[in-house]
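Student: Build me a model from this:
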Amino acid sequence: MYGNVDYVPPVPYGDGSLKRRPSEHSNIYLQEESIYEPVRGSEKPDSEDLWRLSSIGSSVEDTSLQWNQSPPQRTKTWIPPYQRPCCHQKHRLLIAFFSCAFLLTIFILSYFMSKYYAMKTELETAKEQQRQYIKMGPFLLYNEDHKKCAAVRSSSSDLFELTASVCSSVSYSQVFQWLPGGRLMNSGEGLCVGVKGKPQSKMPLGLYQCNTDKTLSWECFNDTLLGVKGENLFFNFGNNAKYMVMLYHGTGVWSRWRAQSFDEKVLEGGACV
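Tutor: Predicted coordinates for the structure are as follows:
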């Protein structure tokens, strides 16, 4: 049919198998590459192709091993502990805790310091009063309108009553002196002026132990007006039918008293220091 074509028989090449070329790195022969299909890995892609392969699932480490190319190193930025999300809340809690502790400490110190200064002021006031009491010393309670001095008299009971009589510097029943806290003590008996029960107008005065709640604290108003501290009741003589000194709400001359020395000299001001 093809008479004009010369038939050329195939020339055998060796043992009939493909010729393999030796590897550059070992004695193992590699299969000849196809001229139509390139072998993967024969050409090294650039870095853009490398990361494209990485994004579709290929491992950067695998491609670097295949193509002998390392990916760019990722640098880690150090974040301080107090700026980390997990530690930021703890940091705020610690700040709040120490702030509350600091404020509580300041409050406690302020409270105790105020108490300390109040006690210190009260103690200094008491010391100053004590110095004034010592300076004033014993005295007689003198009423200018009656021209008499308060005195102690015994009653049928164990109670010592108070009355008024002619002043006598040698009579210890008329000698009084001040004690701390505004207590008025009779030097002859060593007892303080007070009442039995709650202070009320027209209640007679007597002498009681100075460390009991029956004793009263006294203070002067308008110099000569001698009254119970914190009450509108005054040391009064003349309004009792039994000639007893009593508490009275009136502020007349029968409720006004001065201090008289042992030489019968009436001191300036009232009976208080």
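Student: Run through the residues that contact the closest residue to N143 other than its chain neighbours.
Tutor: Distance criterion Cβ to Cβ, 6 or more residues apart in numbering; nearest residue to N143, sequence neighbours excluded, is W257 at 5.6 Å. Any C-beta I mention is one placed from the backbone N, CA and C, and that applies to glycine too. Contacts for W257 were tallied using Cβ atoms under 8 Å, 6 or more residues apart in numbering; they are L141, Y142, N143, A150, T224, L226, F235, G270, A271.
Student: do V193 as well
Tutor: L162, R183, L184, M185, N186, L205, G206, L207, T215, L216, W218.
Student: Tell me the helix or strand right after the host helix or strand of the last one.
Tutor: Spelled out, it's W218. Element membership of W218 [criterion: DSSP states H and E] is strand 218-221. Next helix or strand after strand 218-221 toward the C-terminus (DSSP H and E): strand 225-228.
Student: for the record, mean pLDDT for the next helix or strand after that next one?
Tutor: Later in the chain than strand 225-228, the nearest helix or strand by DSSP H and E is strand 234-236. In this model, strand 234-236 carries a mean pLDDT of 96.
Student: what packs against strand 234-236?
Tutor: Applying 3 or more Cβ pairs under 8 Å, 6 or more residues apart in numbering; DSSP states H and E, one finds that strand 234-236 makes contact with strand 225-228, strand 246-248.
Student: how does it look with 10 Å?
Tutor: strand 139-143, strand 218-221, strand 225-228, strand 246-248 (3 or more Cβ pairs under 10 Å, 6 or more residues apart in numbering; DSSP states H and E).
Student: would a markdown table of the contacts of V193 with pLDDT be doable?
Tutor: Listed next are these as a markdown table, based on pLDDT from 0 to 100:
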| residue | pLDDT |
| --- | --- |
| L162 | 95 |
| R183 | 93 |
| L184 | 94 |
| M185 | 94 |
| N186 | 95 |
| L205 | 95 |
| G206 | 94 |
| L207 | 94 |
| T215 | 94 |
| L216 | 95 |
| W218 | 94 |
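Student: Filter those residues down to the buried ones and hand me the PyMOL line.
Tutor: In PyMOL, a selection of the buried entries from those looks like this (16 or more other Cβ atoms under 10 Å):
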select buried, resi 162+183+184+185+186+205+206+207+215+216+218
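Student: can you tell me which of the contacts of V193 are in strands?
Tutor: Secondary structure from DSSP state E places L162, R183, L184, M185, N186, G206, L207, W218 of these in strands.
Student: which ones are touching the fourth one?
Tutor: This means M185. Going by Cβ atoms under 10 Å, 6 or more residues apart in numbering, M185 touches P138, V175, F176, Q177, W178, L179, L191, C192, V193, L207, C210, T215.
Student: what about the closest residue to it other than its chain neighbours, helix or strand, and which?
Tutor: Distances taken as Cβ to Cβ, 6+ apart place C192 nearest to M185, at 4.8 Å, with adjacent residues excluded. According to DSSP H and E, C192 maps onto strand 191-194.
Student: next one: S114
Tutor: helix 85-136.
Student: How about R153?
Tutor: R153 belongs to strand 148-154 when assigned by DSSP H and E.
Student: my guess is C210 meets Q177, correct?
Tutor: No - look at C210 against Q177 with Cβ atoms under 10 Å: they stay out of range, at 11.4 Å.
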